[in-house]
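Colleague: Let me see the structure of the following:
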Amino acid sequence: MTTAQQRLHHALDALDTAGRSSQPGPPVHACEHCWSDRDFALLAGPATLLPNGLLHSAAAKTPASWDDFPTLYRRLAPRILRQLTTGRLAVDGPLIASRLLAADWREWPHAGQVADVLDAWWSAALDRPAPTPDVPEVLETVATATGTLAPWLHTWANTPTRTADRHLADTVEGWLRWGELPGLTFGFYQELQVGAELTKWLLALPPGRIGPDRRYWLELINLPATADS
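Modeller: I've put the predicted structure just below:
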């Protein structure tokens, strides 16, 4: 286990402790067409005891379905984030990010531990040759959840390892191949406009980080903005 992966492991443990995920919570109620009384009882119990199928359904369900969505998500978040960051959650990361925003996670008592998990997860993803979820999804998730690209791009720029640079090349290649970059948005509900900021950041990197061919196409993409300035 690398230092980055150890940091993620410790951050998840700290979130478990701060989030008190092993303790029961208040009664849970939601749409009775979607959930049974047994589901409500399980969801009100310790999050650590929830069956995975029920956890994944609750993690993805729209906030309007619940009588008190923020309280429920605050309790489930340590378990949700542990499964998400270890590739075991059957829900896309950007959707979880949007749900965290809807639950107003920055106001939680353990918001600092959530932030630590997101930060450690990003570093661990850059460190792994083949992370699950992949690096573009992790970036979209952490940026959406925090409402900003800047700290995540700063970390990437300051991680000039062979693995991180391969992820960078593969990610840029994907954005260029599908023509996504100019109007790229992040988040399940497209909450974050990122195309212009990403393009500017990529062009400011040392030339060797993304290669001459990718840089050429990025410069072409950026030509209209350059001409207007």
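Colleague: next one: stretch 209-217 to chain centre, how far?
Modeller: 27 Å (Cα atoms, centre = their mean, to the nearest Å).
Colleague: residues of it that come out buried?
Modeller: Neighbour-count burial for stretch 209-217 flags 209-210, 214-215, 217 (criterion: 16 or more other Cβ atoms under 10 Å). For every residue, glycine as well, the C-beta is placed using N, CA and C.
Colleague: Then stretch 11-18?
Modeller: Residues 11-12, 14-16, 18 are the ones in stretch 11-18 that count as buried (16+ other Cβ under 10 Å).
Colleague: Now intersect these with the helices, please.
Modeller: 11-12, 14-16, 18 (DSSP state H).
Colleague: In which helix or strand does residue 125 reside?
Modeller: Using DSSP states H and E, residue 125 falls within helix 111-127.
Colleague: Please enumerate the helices of this structure.
Modeller: Counting by DSSP H, the chain has these helices, from start to end: 3-19, 37-44, 52-60, 69-85, 93-102, 111-127, 135-146, 150-157, 162-177, 195-204, 212-228.
Colleague: Worst mean pLDDT among those?
Modeller: When these are compared on average pLDDT, helix 212-228 comes out lowest at a mean of 76.
Colleague: do you know how far residue 119 is from residue 41?
Modeller: 35 Å (Cβ to Cβ, to the nearest Å).
Colleague: So which of these two has more stuff around it?
Modeller: Between residue 119 and residue 41, counting by other Cβ atoms under 10 Å, residue 119 is the more crowded of the two (18 against 12).
Colleague: contacting residues for the spatially most central residue of the chain?
Modeller: Residue closest to the mean C-alpha point of the chain, counted by Cα atoms, centre = their mean, is residue 141 at 2.4 Å. By Cβ atoms under 8 Å, 6 or more residues apart in numbering, residue 141 lies in contact with 84, 93-94, 96-97, 118, 133.
Colleague: Ranking by neighbours, what's the top pick from the residues you listed?
Modeller: Neighbour counts for the contacts of residue 141 peak at residue 97, which has 27 neighbours (criterion: other Cβ under 10 Å).
Colleague: now the residue nearest to the centre of the chain: how far from residue 152?
Modeller: Taking Cβ to Cβ as the measure, residue 141 falls 10 Å from residue 152.
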